[in-house]
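Visitor: Return atomic coordinates for the entry below.
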Amino acid sequence: MVRQGRHDSGDAALALLYAEPFRLARPARQTLPFVFASPHSGALYPPSLLHASRLDALTLRRSEDAFVDELFAPVTELGAPLLAARFPRAYCDVNRGPGELDAGMFAGPLDLAVDSPSTRVAAGLGVIPRIVRDGAEIYARKLDPSEAQTRLRLLHRPYHAALADLVAQTITQFGIAIVVDCHSMPSALSVPDMVLGDRHGASAPAWLSAHAQSAFAHAGFSLTRNTPYAGGYTTMLYGSAPGTYALQIEINRKLYLDEESITRRANFQNVKTRLTQALSKLVAIDVTQLRPNAQAAE
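Guide: Have a look, this model is predicted:
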């Protein structure tokens with residue numbers, strides 16, 4: 001596997017990744033109704049992916065939200081857990097539904113439920129991506145159909161089972177849960193420092209989104225809401241049930257990342273400090289306003 005150019009043996013490395021597909025960092029005691037997730041910061045690239053790809057290791061990393069898990073790591077000190085995928089988005093994208101599959105990528109029929117065609121899947125950005133973020137095709141040839149089943153069963157399903165379990169534990173303790181899905185975005189899009197997504201109000205009440213926007217602005221970040229990112233599968237899934245809410249945060253990579261070499265910029269720690277300041281304000285909410293009974297009484 002590859003993390004910044006490091007290699008490991010093939011079968012053993014893949015077995016290890018399947019055995020430990022994510023990292024879960026917990027606070028000594030959870031004191032907040034927040035659950036943070038980093039689905040795209042995984043950088044352990046299976047040798048089988050490197051062998052099957054027409055791209056070099058650095059180009060494959062163009063889809064990666066590099067170091068986002070590090071940027072958000074201080075949330076555990078604030079009192080919230082952080083779940084981070086170890087596998088890369090180019091291998092399995094857990095911010096897509098399990099049925100968002102492109103059957104044309106495979107050398108035979110899929111023994112899986114496949115969703116109706118969508119623009120995301122057609123563009124090559126399904127749960128098993130066909131391209132990296134700059135549009136380059138990942139694979140030199142069609143995949144064996146068993147690949148889809150294996151990646152969904154051993155990566156996608158365990159990740160969301162862990163996230164669902166964190167949400168359930170948080171609801172039990174606080175009566176609500178707020179999932180914050182953490183991402184980065186390419187600077188080529190000419191976007192502001194951050195984009196806050198709440199699925200146009202479907203995954204969080206307006207006051208919570210406004211509070212979040214104010215927290216980041218207070219730390220000096222320029223930001224917009226829902227444009228061009230309103231939220232993906234995770235925000236939809238965990239922001240649609242009673243007592244659960246979800247926000248998506250996209251950080252402009254130019255703030256902290258050299259996008260050519262995929263290395264931290266010299267100001268990485270400064271950005272992390274400012275982000276922690278913003279997050280400390282974000283989590284300072286009146287929990288009672290979000291409990292289902294309070295919402296029903298409004």
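
Visitor: Under the pLDDT cut-off, which ranges of the stretch 151-298 of the chain? List them.
Guide: Applying pLDDT under 70 to the stretch 151-298 of the chain picks out residues 292-298.

Visitor: which residues in it form helices?
Guide: Taking DSSP state H, counting those that start in this stretch, the helices of the stretch 151-298 of the chain run over residues 157-174, 206-218, 233-238, 268-282, 292-297.

Visitor: what about Thr273, distance to Tyr256?
Guide: 11 Å (Cβ to Cβ, to the nearest Å). Yep, even glycine has a C-beta here, placed from its N, CA and C like the rest.

Visitor: Can you pick out the residue with more neighbours from those two?
Guide: Shown here are Thr273 and Tyr256; by other Cβ atoms under 10 Å, Tyr256 has more neighbours (23 against 13).

Visitor: Tell me how far the more buried one lies from Gln213.
Guide: Separation of Tyr256 from Gln213 (Cβ to Cβ): 20 Å.

Visitor: now Asp258
Guide: Asp258 is 28 Å from Gln213, by Cβ to Cβ.

Visitor: Those two: which is more packed in?
Guide: Neighbours were counted for Asp258 and for Gln213 using other Cβ under 10 Å; Gln213 has more, 19 against 14.

Visitor: Show the contacting residues for that one.
Guide: 196, 223, 225 (Cβ atoms under 8 Å, 6 or more residues apart in numbering).

Visitor: out of the residues you listed, which are inside strands?
Guide: Under the assignment DSSP state E, the contacts of Gln213 contribute 196, 223, 225 to strands.

Visitor: ok, the closest residue to the first one other than its chain neighbours - how many residues close by?
Guide: When you say that, I think you mean Leu196. Using Cβ to Cβ, 6 or more residues apart in numbering and skipping the chain neighbours, the partner closest in space to Leu196 is Arg225 (4.9 Å). For Arg225, the count of nearby residues is 17 (other Cβ under 10 Å).

Visitor: Next: Glu64.
Guide: Glu64: 21 neighbours (other Cβ under 10 Å).

Visitor: Look up how far Tyr159 lies from it.
Guide: Glu64 sits 16 Å away from Tyr159, going by Cβ to Cβ.

Visitor: who touches the spatially closest residue to Arg274 that is not a sequence neighbour in this structure?
Guide: Distances taken as Cβ to Cβ, 6+ apart place Ala219 nearest to Arg274, at 4.8 Å, with adjacent residues excluded. Listed by Cβ under 8 Å, 6+ apart, the contact partners of Ala219 are 274-275, 277-278, 281.
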